[in-house]
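S.K.: Predicted model, plus sequence, below.
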Amino acid sequence: MKKILIYFSILIFICFAIPVIFTTSFEKRTSSAEVLTSDGNVVEDKEANDISPNAILESTYDYKDYDTIQLLHQDTGKTEELELDTYLYGVVSAEMPVSFEEEALKAQAVVARTYTLYKIVNNDGKHGEADICDDSTCCQAWISKENRFARWEENEQEENWKKIVNAVNSTQGKIITYQGKPINAFFHSNSGGETEAPIEVWGGSGYPYLQSVSTAGEDAYSQYSSEAEFTEEEFVEKIKEVHSDFEINWKEDNCIEVTEYTEGNRVKTIKIGNLELSGVEVRTIFGLRSANFKVTREGGKIKFEVTGYGHGVGMSQTGADSLAKQGKNYEDIIHHFYTDVEITDM
Ligand SMILES: [Zn+2]
């Protein structure tokens with residue numbers, strides 16, 4: 001018992017003391033509420049949602065213990081120290097189209113801030129001394145301002161950037177909590193109308209704040225539906241790469257049959273030949289956009305008709321934009337996708 005306590009103490013020290021050591025050199029930002037206009041003038045005490053089109057909100061929040069993050073760049077293997085909100089500009093602009101509604105971008109900023117803080121607080125040491133990486137399939141995507149600008153039309157760069165910066169700065173310090181702790185704020189591209197419980201995607205015991213919820217209007221986005229088609233040979237080959245014992249008799253009408261659906265309308269289990277696979281595994285094997293799919297066979301080809309894009313857990317980005325278009329603000333959007341949570345200051 002004593003040994004366990006010692007190990008636990010060491011763990012606590014690693015989790016909290018080391019990040020403090022690495023971040024002591026940071027210079028605290030100004031804490032007075034002020035807004036810098038595009039011509040460089042400082043306007044005092046301007047309300048976050050009362051800005052002229054040309055104004056850009058300055059970051060003024062004092063993050064105390066979490067003022068910087070260590071970001072691992074997966075392509076170079078190098079770790080970079082960034083101020084939290086500066087990092088979030090790169091996340092929001094990498095993760096969500098800038099053409100989305102301002103309230104959807106604000107929701108994305110709060111979700112990304114929460115996800116980042118969750119990663120810092122629950123650091124599993126996967127990325128060494130770094131808190132988070134810039135790979136969307138591992139942590140969350142990030143893009144530098146320079147690379148972001150290179151992908152925008154020149155006459156839209158400044159206006160687009162302002163929109164991103166204002167989404168982050170107008171929600172400064174805001175995070176999503178459940179029972180006082182930052183939530184594991186998963187998000188994805190398009191839910192296909194229903195989000196998914198994490199237990200259906202990754203197993204485990206799930207999280208009370210991540211329930212399946214439905215959102216209207218997701219079908220208006222290009223991410224909503226997609227198709228993938230394979231010949232019988234390609235189909236067999238792909239499954240055999242993972243299951244070498246795979247066999248299928250194409251003459252049987254029910255040689256491919258969905259046996260169970262999840263609460264979020266995705267394929268839970270599917271019988272394919274002599275195998276019973278999860279919808280998530282089939283999604284991976286065939287590179288489908290989601291586990292919400294229908295399978296049809298015709299003329300020696302197998303077709304997947306896929307609804308939604310991503311794992312389906314937590315906030316749907318196109319759902320957030322759809323809700324914003326219906327007049328919801330970022331707080332409404334967050335409460336829609338995360339059950340019984342609070343939006344609090346860090
Ligand atoms: Zn990562």
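M.R.: Structure's in. What do you need?

S.K.: Can you read off the pLDDT for the residue lying farthest from the centre of the chain?
M.R.: Centroid-distance maximum for the chain: K251 at 42.3 Å, with Cα atoms, centre = their mean. Per-residue confidence at K251 stands at 95 (pLDDT).

S.K.: helix/strand/coil for it?
M.R.: Here K251 is recorded as coil under DSSP: H, G, I helix; E, B strand; the rest coil.

S.K.: where does it sit relative to V295, distance-wise?
M.R.: 17 Å (Cβ to Cβ, to the nearest Å). Backbone N, C-alpha and C define where each C-beta goes, glycine included.

S.K.: and if you look at T195?
M.R.: For T195, the distance to V295 - Cβ to Cβ - is 23 Å.

S.K.: Look at those two and report which has more neighbours.
M.R.: Between T195 and V295, T195 has the larger neighbour count (other Cβ atoms under 10 Å), namely 30 against 17.

S.K.: Was I right to think that one contacts T215?
M.R.: Yes. The pair T195 and T215 passes the contact test of Cβ atoms under 8 Å, sitting 7.4 Å apart.

S.K.: what touches both of these two?
M.R.: 316, 319, 337 (Cβ atoms under 8 Å, 6 or more residues apart in numbering).

S.K.: quick one: which of those residues sit in helices?
M.R.: Per DSSP state H, helices hold the following members of the shared contacts of T195 and T215: 319, 337.

S.K.: Narrow the shared contacts of T195 and T215 to those that are buried.
M.R.: With neighbours counted using 16 or more other Cβ atoms under 10 Å, the shared contacts of T195 and T215 contain these buried positions: 316, 319, 337.

S.K.: Dump the residues you listed to TSV, plus pLDDT and distance to F186.
M.R.: Listed next are those as TSV, based on pLDDT from 0 to 100; distance: Cβ to Cβ, whole Å:
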residue	pLDDT	distance to F186
S316	98	10
G319	98	13
F337	98	9
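
S.K.: State the distance from the closest residue to N122 other than its chain neighbours to the ion.
M.R.: Spatial nearest neighbour of N122, excluding adjacent residues (Cβ to Cβ, 6 or more residues apart in numbering): N184 at 8.0 Å. From N184 across to the ion, the span is 14 Å (Cβ to the ion, to the nearest Å).

S.K.: Could you do E260 as well?
M.R.: Applying Cβ to the ion to E260 and the ion gives a distance of 32 Å.

S.K.: So for that residue, what's the nearest residue that isn't a sequence neighbour?
M.R.: Closest to E260 by Cβ to Cβ, 6+ apart is K268, at 4.1 Å.

S.K.: Doesn't that neighbour belong to a helix?
M.R.: No. Under three-state DSSP, K268 sits outside any helix and is assigned strand.

S.K.: tell me the contacts of it?
M.R.: Contacts of K268 by Cβ under 8 Å, 6+ apart are 200, 259-262, 278-279.

S.K.: again with Y66
M.R.: Taking Cβ under 8 Å, 6+ apart, we find Y66 in contact with 84, 117, 120, 346.

S.K.: Show the model's pLDDT score for it.
M.R.: Y66 is given a pLDDT of 86.

S.K.: now it: how far from T60?
M.R.: In terms of Cβ to Cβ, Y66 sits 15 Å off from T60.

S.K.: what's the farthest-apart pair in the contacts of K268?
M.R.: Across the contacts of K268, the longest distance by Cβ to Cβ is 14.4 Å; it joins E200 and T259.

S.K.: Mind jotting down where the strands sit in the stretch 101-250 of the chain?
M.R.: 132-133, 174-178, 181-182, 187-188, 225-231 (DSSP state E, counting those that start in this stretch).

S.K.: The longest one - contacts with which helices or strands?
M.R.: In other words, strand 225-231. strand 301-307 (3 or more Cβ pairs under 8 Å, 6 or more residues apart in numbering; DSSP states H and E).

S.K.: Would you mind writing the CA trace of the strand it packs on as CSV?
M.R.: Only the C-alpha atoms of strand 301-307 are listed here, as CSV (Å, rounded to 0.1, in the frame of the first residue of the first chain):
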residue,chain,number,x,y,z
LYS,A,301,-19.5,-5.3,-57.5
ILE,A,302,-20.0,-4.4,-53.8
LYS,A,303,-21.1,-0.9,-53.1
PHE,A,304,-21.1,1.0,-49.7
GLU,A,305,-23.4,3.9,-49.4
VAL,A,306,-22.0,5.9,-46.5
THR,A,307,-23.7,8.5,-44.3
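
S.K.: List the strands paired with it, with their directions.
M.R.: Using DSSP bridges, the strands paired with strand 301-307 are strand 225-231 (antiparallel), strand 293-298 (antiparallel).

S.K.: I'd guessed F286 sits against K238; true?
M.R.: Yes. Using Cβ under 8 Å, F286 is in contact with K238, at 6.2 Å.

S.K.: what sits in contact with each of the two?
M.R.: Joint contacts of F286 and K238 (Cβ under 8 Å, 6+ apart) are F230.

S.K.: Quick one: classify K271 as helix, strand or coil.
M.R.: strand.

S.K.: Please name the nearest non-neighbouring residue to N254.
M.R.: Nearest to N254 is K271, by Cβ to Cβ, 6+ apart, at 7.6 Å.
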